[in-house]
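Participant: Next one to model:
(2 chains)
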Number of protein chains: 2
Amino acid sequence: MASNLDHVIVAIADPTRRAIIGRLARGPARISDVAAPFPMSLTGFCKHVRVLERAGLVRRTHQGRENTLELSAEPLRDVARWISTYERFWNTRLDRLEWFFAAKAKKEKSQ
Amino acid sequence: MASNLDHVIVAIADPTRRAIIGRLARGPARISDVAAPFPMSLTGFCKHVRVLERAGLVRRTHQGRENTLELSAEPLRDVARWISTYERFWNTRLDRLEWFFAAKAKKEKSQ
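Facilitator: This is a model prediction of the structure:
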């Protein structure tokens, strides 16, 4: 069975869904307003919204005549936590580069 | 066209592929050794490896008679960078909780 971490990562794997998250980071909005800039049908757009809802990244509320979408970014924290386990791999690489340039600068200074 | 960020996120969306990354974080290993604990055929396992290679997360080298797999974690940094844009959302929520408990503690102290 797919875990919630799987659902969250699948949800953010698509550029349209990342763009929806980006739009909602500016504030809640009506579903048709969020959909407007995307070159797809409202049906296609709503499929993306459902994937985000399943992951807990978007909340849909009924306000007046139309649904409003709101960002719920907390599930991203679990992805960030998983990735942070591997941070040491790229940090080590950067540390080595930093060390290289520091050693180079020191050598040039002493010449 | 799918960007490399898309490929990387798709690659880590699967628990088997995250487990392969976890295994390779302990060091490079022969492909059959990495495959052994997974309850699937070597063909199925190799499909997962190819998805990781396409994302640039795993490097395959030919050593002796068998392929060796090595972790290349740097592409995860782009995912971490994308997620960090939204960190303020869960931090704000945590800050609010922290504030709530601090206020509660202060109130209890003064009673």
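Participant: mean confidence for the helix or strand where A:Val8 lies?
Facilitator: Using DSSP states H and E, A:Val8 maps to helix A:4-12. Helix A:4-12 comes out with an average pLDDT of 97.
Participant: Run through the neighbouring helices and strands of that helix.
Facilitator: Packing partners of helix A:4-12 (3 or more C-beta pairs under 8 Å, 6 or more residues apart in numbering or on different chains; DSSP states H and E): helix A:15-24, helix A:42-54, helix A:75-84, helix B:4-12. (C-beta placed from N, C-alpha, C; glycine too.)
Participant: Pull up the residues of chain A that are close to chain B.
Facilitator: A:3, A:5-6, A:9-10, A:12-15, A:18, A:21-22, A:25, A:71, A:73-74, A:76-77, A:79-80, A:82-87, A:89-90, A:93 (C-beta under 8 Å from any C-beta of the partner chain).
Participant: quick one on the thing from earlier: what's the most buried one of the helices and strands packed on helix A:4-12?
Facilitator: Among the helices and strands packed on helix A:4-12, helix B:4-12 has the highest mean neighbour count (mean count of other C-beta atoms under 10 Å in any protein chain shown), at a mean of 20.
Participant: For chain A, give me the ranges with low pLDDT.
Facilitator: Along chain A, segments meeting pLDDT under 70 span A:1-2, A:92-104, A:109-111.
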